[in-house]
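Visitor: Provided below for reference: sequence and predicted model.
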Amino acid sequence: MHQCRPRDPEAKGLVERANGYLETSFLPGRTFTGPGDFNTQLSDWLTRANARHHRTLGTRPVDRWAADLAAMLSLPPVAPRTGWQATVRLPRDHYVRIDSNDYSVDPVAVGRKVLLTADLEQVTVRLGSRVVAVHDRCWARNQTITDPAHRAAALALAHAAAHRPPTTAVEVVQQRDLADYDTAFGLTEVA
């Protein structure tokens with residue numbers, strides 16, 4: 001796998017041409033309800049698009065698949081890591097931010113480091129080996145996704161903190177006479 005530099009059309013021309021083709025031929029006039037709907041519509045469209053005769057290829061793309069497959073290298077023995085992962089300290093508001101969206105987490109983990117894992121479908125938050133949040137990934141922008149159980153736990157913790165009885169025990173600390181310091185440093189005469 002080779003990662004191309006940003007804004008390098010010579011290296012990314014093939015990919016950019018394919019993206020441009022999809023933008024001008026597939027996307028106009030379509031609406032999608034989510035990533036699954038997008039993938040379903042794209043699969044149906046590709047079946048028709050690859051069966052058409054292309055002038056530049058001189059044939060149909062579907063007729064070239066066998067030759068392309070034979071020219072491909074085999075996949076590596078270890079699958080590449082996909083998704084996104086980070087370790088963060090959970091703030092007092094018990095939400096974590098992924099992209100521009102905030103996802104709620106069980107407030108039991110407030111102030112502790114949690115592991116965020118996000119893929120195309122799901123956001124998972126772990127405290128050690130314990131899962132403290134699982135949400136469907138939201139692809140809209142600036143959304144707040146709250147689990148009702150997390151909200152109830154946060155309200156219970158806030159209620160318990162507000163109704164905690166005040167501590168009445170006062171610890172008495174002995175105070176040293178300041179003249180003892182004067183004597184220790186030789187500032188006063190000892191009688």
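Guide: It's in. Just so we're clear, the structure is a prediction, and the values are computed from it rather than from any experiment.
Visitor: just the pLDDT for the spatially most central residue of the chain.
Guide: Residue closest to the average C-alpha location in the chain (CA atoms, centre = their mean): I98, at 3.8 Å. The model reports I98 with a pLDDT of 91.
Visitor: now it, nearest residue through space, not along the chain?
Guide: A118 (5.2 Å; CB to CB, 6 or more residues apart in numbering). Where C-beta positions appear, they are placed from N, C-alpha and C, glycine not excepted.
Visitor: residues near that neighbour, how many?
Guide: 20 (other CB atoms under 10 Å).
Visitor: which residues touch stretch 145-161?
Guide: 94, 101-108, 133, 135, 138 (CB atoms under 8 Å, 6 or more residues apart in numbering).
Visitor: at 6 Å what do you get?
Guide: Residues outside stretch 145-161 that contact it (CB atoms under 6 Å, 6 or more residues apart in numbering) are 94, 103-104, 106-107, 135, 138.
Visitor: got it, and stretch 71-85?
Guide: So stretch 71-85 is in contact with 117-119, going by CB under 6 Å, 6+ apart.
Visitor: ok now it, how far from the chain's centre?
Guide: 21 Å (CA atoms, centre = their mean, to the nearest Å).
Visitor: between the two ends of that stretch, how far is it?
Guide: 34 Å (CA to CA, to the nearest Å).
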